[in-house]
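Asks: Take a look and give me a structure for this.
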Amino acid sequence: MAKVAREMVEKSGINVDELLELLIKNAAAELTTYYYYTILRANLIGLEGEGIKEIAEAARIEDRNHFEALIPRIYELGGKLPDDMRVFHDMSACSPANLPANPTDIKAMLTVLVNAERCAVRGYTHICNLTAGKDHRTYALALAILNEEIEHESWFSEFLGEGPSGHFMRRGQNSPFVSPFMQ
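Replies: Predicted structure coming up:
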């Protein structure tokens, strides 16, 4: 644990135990989303599914990167992950992104994907609001993840016909905002 880091966050007025709970629950959401997106991506088949597969894969890989980037901060602040993966899964900040009952229903598949991203946007916005001006490192990390989650949401919402977002699929680089936290 980085004792001074935790001390400074506490002195800023943040309840570190509450912050750690949020970070751990969001880390659980990232890892479980990575898992469920693996299943969703495998089921994106046919003419309509293939068009979404690359975007689902980018979001899947970036969610894994978000998990990896959160772990050091959790431990720096004196937290730790649960020893039992089932406990970790069940504490996720977001509901499981389960395969819809009819996996050939692309609209249902997109709804699962966009809802998972919307949950993530809400979670990281909350962490940013909690840490802004108080815990610079956690704020920067949460903001970086938030930027990517907003892009994920926009990609899927466009496929649902909710309107243009102005965001474009990235080519060749995953996690442009989060990658500095993964060095």
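Asks: so where is this structure shaky, pLDDT-wise?
Replies: 1, 167-171 (pLDDT under 70).
Asks: tell me the helices in it, going along the chain?
Replies: 3-11, 16-42, 46-76, 85-90, 106-131, 136-159 (DSSP state H).
Asks: Can you tell me which helices and strands the second one packs against?
Replies: For helix 16-42, the packing partners by 3 or more CB pairs under 8 Å, 6 or more residues apart in numbering; DSSP states H and E come out as helix 3-11, helix 46-76, helix 85-90, helix 106-131. Using the backbone N, CA and C atoms, a C-beta is placed for each residue, glycine as well.
Asks: ok, now the longest one?
Replies: Counting contacts by 3+ CB pairs under 8 Å, 6+ apart, the secondary-structure elements packed against helix 46-76 are helix 16-42, helix 106-131, helix 136-159.
Asks: So which bits of it are buried?
Replies: 49, 52, 55-56, 58-60, 62-71, 73-74, 76 (16 or more other CB atoms under 10 Å).
Asks: before we move on, what about the shortest one?
Replies: Within helix 85-90, the residues that qualify as buried are residue 88, counting by 16+ other CB under 10 Å.
Asks: From the contact counts, what lies against that helix?
Replies: Checking 3+ CB pairs under 8 Å, 6+ apart, helix 85-90 ends up next to helix 16-42.
Asks: and the helix it packs on, how far out from the chain's middle?
Replies: Distance of helix 16-42 from the chain centroid (CA atoms, centre = their mean, to the nearest Å) equals 6 Å.
Asks: In that helix, which residues are buried?
Replies: Residues 16, 19-20, 22-37, 40-41 are the ones in helix 16-42 that count as buried (16+ other CB under 10 Å).
Asks: can you check stretch 108-118 too?
Replies: Those would be 109, 110, 112, 113, 114, 116, 117, 118, for stretch 108-118 by 16+ other CB under 10 Å.
Asks: And stretch 157-166, by the same measure?
Replies: Here stretch 157-166 shows 157, 158, 159 as buried, counting by 16+ other CB under 10 Å.
Asks: Which of those sits closest to residue 100?
Replies: residue 159 (14.6 Å; CB to CB).
Asks: How about the contacts made by residue 25?
Replies: Neighbouring residues of residue 25 by CB atoms under 8 Å, 6 or more residues apart in numbering: 91, 92, 93, 123.
Asks: Run a quick neighbour tally on the second one.
Replies: Read that as residue 92. 21 (other CB atoms under 10 Å).
Asks: still on that earlier bit, make TSV out of the buried residues of stretch 108-118 and add distance to residue 176.
Replies: Listed next are the buried residues of stretch 108-118 as TSV, based on distance: CB to CB, whole Å:
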residue	distance to residue 176
109	26
110	23
112	25
113	20
114	21
116	20
117	17
118	21
